[in-house]
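Chemist: curious how this folds, go ahead:
(one chain, ligands or ions: 1)
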Amino acid sequence: MKKFMMILIVLLVLVGCGKQEVNTVEAIQKRGELILLTEATFPPFEYASNDPSSVDGVNGVDIEFGKALADKLGVTLKVVDMDFDSLTVALQAGKGDIVAAGMTVNPERSNVVDFSNVYFDNGLYIIVNEDSEIESVEDLTNKKIAVQQGTTGNDFVDKLEDVEVLSFKGMVEAGLAVLNGNADASVMDVLTAQILVHNNPGLKLLENSVVSEETAIAVQKGNESLLNEVNLLLSELEESGQLQTWFDDHFDALLDQ
Ligand code: GLN
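Modeler: Numbering: from 1, shown residues only. Just a heads-up that it's a prediction; the model follows:
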């Protein structure tokens with residue numbers, strides 16, 4: 001019995017320690033700072049830039065959104081750039097308040113974070129070299145495919161049979177591996193693929209998407225107050241056309257760079 005009680009106490013302490021406090025709107029306002037977690041190799045959503053409009057060296061549609069959300073809450077914005085596959089874990093641990101990283105909604109992620117309404121209808125595409133014989137996903141058999149680690153593009157190619165998956169920390173890096181001849185193809189999100197192909201003669205984007213996806217902002221599970229503010233702001237920005245303007249402006253600014 002004594003032993004059982006001891007085990008129970010240890011378990012309760014462990015559960016208590018593991019329970020992360022939620023960064024509610026009130027907590028963020030008390031702190032005076034909104035912390036946005038992202039991964040800055042995903043233009044036009046986020047990219048490294050020293051433009052004066054950047055925050056902590058990062059610019060893009062998600063950063064614009066973060067600035068607008070911080071304004072709405074009356075706090076300053078801090079942007080933390082980290083590996084893509086660390087984002088949901090960092091959010092869960094309370095190291096940030098939102099993940100704004102062009103993140104696709106999927107069941108695995110929805111188990112550990114809460115997603116906002118969708119703010120971009122996305123699709124994954126294949127990029128290849130101009131002279132490549134690859135025309136569709138079926139032609140990827142026995143080929144080397146570059147992807148960004150931990151992304152839905154990575155998940156997609158992991159499920160293909162007889163392919164060699166090369167995973168990179170950054171999405172731009174994955175695309176450039178095709179250009180350099182280190183990979184035969186790369187699977188990535190539409191806008192980033194369009195920018196990369198436009199800026200790197202020699203690369204080609206295959207016409208059809210391999211899968212459609214939806215992009216949203218993530219908050220800690222149960223952070224209803226913040227999720228509510230995020231969703232309200234997203235619908236305001238959609239209605240006013242501001243969100244589309246950000247997509248257009250950042251996309252155009254990134255071409256020919
Ligand atoms: N949309 C993709 C995903 O969520 C890639 C996002 C990114 O690289 N920032 O996995």
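
Chemist: okay, CA-based contacts and neighbour counts for the rest of this
Modeler: Noted.

Chemist: okay, the residue in the stretch 151-257 of the chain that the ligand sits nearest to and D189: tell me how far apart.
Modeler: Nearest residue of the stretch 151-257 of the chain to the ligand, counting by Cα to the nearest ligand atom: T151, 3.2 Å away. Distance, T151 to D189, by Cα to Cα, to the nearest Å: 10 Å.

Chemist: and those two? Which one has more around it.
Modeler: When neighbours are counted by other Cα atoms under 10 Å, D189 comes out ahead of the other of T151 and D189, with 25 against 19.

Chemist: correct me, but the more buried one touches I127?
Modeler: No. Using Cα atoms under 8 Å, D189 makes no contact with I127, being 10.1 Å away.

Chemist: what count of nearby residues applies to H250?
Modeler: There are 18 residues near H250, going by other Cα under 10 Å.

Chemist: same deal with the one 5 residues further on?
Modeler: Residues near L255, counting by other Cα under 10 Å, number 15.

Chemist: show the contacting residues for it.
Modeler: By Cα atoms under 8 Å, 6 or more residues apart in numbering, the contact set of L255 is I195, H198, N199.

Chemist: just the ones of the residues you listed in strands?
Modeler: With DSSP state E as the criterion, strands contain none of those.

Chemist: what are the phi and psi values at the residue of the stretch 151-257 of the chain closest to the ligand?
Modeler: phi -90, psi 170 (degrees, to the nearest 10).

Chemist: returning to what we had before: which ones among the contacts of L255 are found in helices?
Modeler: I195, H198, N199 (DSSP state H).

Chemist: ok, now how distant is the last one from V178?
Modeler: Same thing as N199. The value you get for N199 to V178, if Cα to Cα is used, is 14 Å.

Chemist: who's more crowded, those two?
Modeler: Counted by other Cα under 10 Å, N199 and V178 do not tie: V178 has more neighbours, with 22 against 14.

Chemist: would you confirm that the more buried one contacts V128?
Modeler: Yes. With contact defined as Cα under 8 Å, V178 reaches V128; the gap is 6.4 Å.

Chemist: the ligand contacts on this protein?
Modeler: E39, F42, A101, G102, M103, T104, T151, T152, M171 (Cα under 6 Å from any ligand atom).

Chemist: a markdown table for the ones in helices among the contacts of L255, including pLDDT?
Modeler: Output for the ones in helices among the contacts of L255, formatted as a markdown table (pLDDT from 0 to 100):
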| residue | pLDDT |
| --- | --- |
| I195 | 97 |
| H198 | 97 |
| N199 | 96 |
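
Chemist: contacts for the lengthiest strand in the chain, please.
Modeler: In the chain, assigned by DSSP E, the strand with the most residues is strand 120-129. Strand 120-129 is contacted by residues 134, 136-137, 153, 175, 178-179, 184-190, 193, 197, 202-216 when judged by Cα under 8 Å, 6+ apart.
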